[in-house]
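Asks: Here's my sequence, what's the structure:
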Amino acid sequence: MRRNLISKMMALRTIKRWNFHPHVYEQNVAEHSHNVSVWVIVLVELFKYTGAIETMTSEDKATLIQQAVMHDWEESVSGDIPTLLKPHIKEYEHLLEACQVEAYKFMEIPSIDGILYRDVCRFRSKYTYIVQMADLLDALVYAMWEPNHFGEIVKELKKKLHDLVVKHIDKDFQKSIFFKLKKIGVDLTDENDWKAWQNKTLSHV
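Replies: Predicted structure coming up:
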């Protein structure tokens with residue numbers, strides 16, 4: 001069990017993302033998982049600050065962070081499968097399930113509160129969309145940072161994020177969410193800002 005756990009952890013840092021598109025900057029799955037976890041923390045605080053989320057328990061937040069850390073764990077078996085390609089892969093859900101079964105074998109152990117870690121990672125709640133948003137945000141920031149032309153990918157990722165906000169956040173709070181995201185460099189209301197953001201960011205490197 002220990003060897004399986006360590007091998008899966010080590011594998012994630014060797015699995016490169018964005019192999020379907022020419023790129024300059026490398027990103028591996030372990031790095032992406034860390035970034036998604038940070039984005040979850042940022043989004044939770046942003047939603048609480050704007051009033052979009054009135055109450056969230058510490059247990060809910062902890063579960064979201066665990067899910068963020070482990071959300072691509074099955075890629076230790078399958079390798080990277082880009083989000084934008086998943087809808088076009090025939091039998092993707094069956095492939096994902098098979099990879100999850102293999103990847104989560106070591107996780108047939110209970111956590112402190114008696115819930116299987118595997119089930120924590122698979123658990124879906126009313127807040128699961130935050131992990132989905134965090135996942136897309138990390139992909140979007142990478143695509144905006146990348147010097148190669150990711151224009152169409154940026155546009156599609158922004159649309160997916162915009163749609164998630166509209167779907168899950170009350171209309172009264174959407175404007176403030178878009179405003180706060182824009183202040184940290186992610187403008188979901190303007191599809192043509194990515195080059196300006198990139199140039200501004202790279203000028204400070």
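Asks: Identify the residues contacting stretch 158-172?
Replies: Here stretch 158-172 makes contact (C-beta atoms under 8 Å, 6 or more residues apart in numbering) with 47, 52, 129, 132-133, 136-137, 140, 174, 177-178, 186, 188-189, 191. All C-beta atoms are positioned from the backbone trio N, CA, C, and that covers glycine.
Asks: Show me where the protein has its helices.
Replies: With DSSP state H, the ranges of helices along the chain come out as 2-12, 29-50, 58-70, 75-78, 92-103, 117-122, 128-145, 151-168, 171-183, 194-202.
Asks: need those in JSON lines with mean neighbour count, can you?
Replies: Converted to JSON lines, the helices of the chain look like this (neighbours: other C-beta atoms under 10 Å):
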{"stretch": "helix 2-12", "mean neighbour count": "13"}
{"stretch": "helix 29-50", "mean neighbour count": "18"}
{"stretch": "helix 58-70", "mean neighbour count": "17"}
{"stretch": "helix 75-78", "mean neighbour count": "19"}
{"stretch": "helix 92-103", "mean neighbour count": "14"}
{"stretch": "helix 117-122", "mean neighbour count": "16"}
{"stretch": "helix 128-145", "mean neighbour count": "22"}
{"stretch": "helix 151-168", "mean neighbour count": "17"}
{"stretch": "helix 171-183", "mean neighbour count": "15"}
{"stretch": "helix 194-202", "mean neighbour count": "14"}
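Asks: For this structure, which residues score under the pLDDT cut-off?
Replies: 1-5, 82-93, 95-124, 190-205 (pLDDT under 70).
Asks: Excluding sequence neighbours, find me the nearest residue to E146.
Replies: The spatially closest residue to E146, leaving aside those adjacent along the chain, is H23, at 5.4 Å (C-beta to C-beta, 6 or more residues apart in numbering).
Asks: That neighbour touches H149, doesn't it?
Replies: No. H23 is not in contact with H149 according to C-beta atoms under 8 Å; the separation is 10.3 Å.
Asks: which of these two has more neighbours?
Replies: Ranked by neighbour count (other C-beta atoms under 10 Å), H23 and H149 place H23 first, with 18 against 12.
Asks: And the more buried one, its phi and psi?
Replies: Main-chain torsions, H23, degrees, to the nearest 10: phi -150, psi 160.
Asks: Perfect, I'm done here.
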